[in-house]
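Engineer: no sequence for this one, just the structure:
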């Protein structure tokens, strides 16, 4: 039997979900049910990306721990799990990035990348938007504010580990240009011209300015940043 793996993005539970989350989950559910009818062995994954500064700050404002805060939104009354049950969403698994198996796997992945020489320690300096948890350059700002959410940014500097993304630019370009790795094909040139040809920058993969995250087990004080923690869920959920 052919296997078919499909996921939603994992959602950020800093507040109750909205209609956009529902649309995405229902669309994924429709594809899942169609593939099951075709006879595929389907794995449908959804879940939540539960770490980061934004949740840490929201929990503090609510007078609870970050884990209590996300538990309420995910497992509480009218929470995410209850919503998907009400809507009869047929996901096979629901991953939380606070799950023990995910935490263990992320620490293993981070250490392996470090041992391979793909991660190095440096310092991040730039204009930072806390709600988006993103650093920006001056030229990327719109009217002096975050280009994504329009909120104020502030100068920040902190020690961090970086992933040598620049080392892999040729391999990423080759992957984009062959086969159907990225669809629709119309997006391939956009990715290459806008991101790869101008030069891929190394990626910040740890943070020290907050504590609500998966600890870097070989360097206390650092927590694994979203790019490794959240995005690896699509692998860790498969075991």
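Structural biologist: Thanks, I have it. Not measured: the values here are computed from a predicted model.
Engineer: what residue is smack in the middle of the chain?
Structural biologist: The centre of the chain sits closest to residue 230, judged by C-alpha atoms, centre = their mean, with a distance of 3.5 Å.
Engineer: paired strands for the worst-scoring helix or strand of the chain on mean pLDDT, with orientation please.
Structural biologist: Ranked by mean pLDDT, DSSP states H and E, the weakest helix or strand in the chain is strand 134-136, scoring a mean of 82. Strand pairing for strand 134-136, using DSSP bridges, gives strand 119-129 (antiparallel).
Engineer: and the partner strand, what's buried?
Structural biologist: Buried residues in strand 119-129, counting neighbours by 16 or more other C-beta atoms under 10 Å, are found at 119, 124, 127-129. Just so you know, the C-beta spots here come from the backbone N, C-alpha and C atoms, and that holds for glycine as well.
Engineer: show me where the chain has helices.
Structural biologist: Here the chain has its helices, by DSSP state H, at 19-37, 53-62, 66-75, 80-86, 100-115, 169-177, 186-191, 226-229, 233-236.
Engineer: for the last one, report the contacting residues that lie outside it.
Structural biologist: Spelled out, that is helix 233-236. With C-beta atoms under 8 Å, 6 or more residues apart in numbering as the test, helix 233-236 has contacts from 7, 10, 45, 47, 49, 95, 97, 101-102, 105-106.
Engineer: pLDDT of it, averaged?
Structural biologist: Helix 233-236 shows a mean pLDDT of 98.
Engineer: buried residues in that helix?
Structural biologist: 233, 236.
Engineer: next: the fifth one.
Structural biologist: Along helix 100-115, these residues count as buried under the neighbour rule (16+ other C-beta under 10 Å): 102-103, 105-107, 109-110, 113-114.
Engineer: ok, so of these, who is nearest residue 27?
Structural biologist: Lowest distance from residue 27 to the buried residues of helix 100-115 (C-beta to C-beta) belongs to residue 102, with 24.6 Å.
Engineer: what residues go with each domain of the protein?
Structural biologist: As assigned by automatic domain parsing, the chain contains the domains 3-96, 113-164+202-224.
Engineer: in CSV, list those domains along with distance to residue 191.
Structural biologist: Below are the domains of the chain laid out as CSV (distance: least, C-beta to C-beta, whole Å):
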stretch, distance to residue 191
domain 3-96, 18
domain 113-164+202-224, 16
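Engineer: what's the closest of those to residue 186?
Structural biologist: Here domain 3-96 is closest among the domains of the chain (C-beta to C-beta), at 20.1 Å.
Engineer: that closest one: end-to-end distance?
Structural biologist: End-to-end distance of domain 3-96 (C-alpha to C-alpha, to the nearest Å): 23 Å.
Engineer: quick check: the gap between residue 81 and residue 161.
Structural biologist: In this view, residue 81 and residue 161 are 33 Å apart by C-beta to C-beta, to the nearest Å.
Engineer: looking at these two, which is more packed in?
Structural biologist: For residue 81 versus residue 161, neighbours defined as other C-beta atoms under 10 Å are more numerous around residue 161 (25 against 15).
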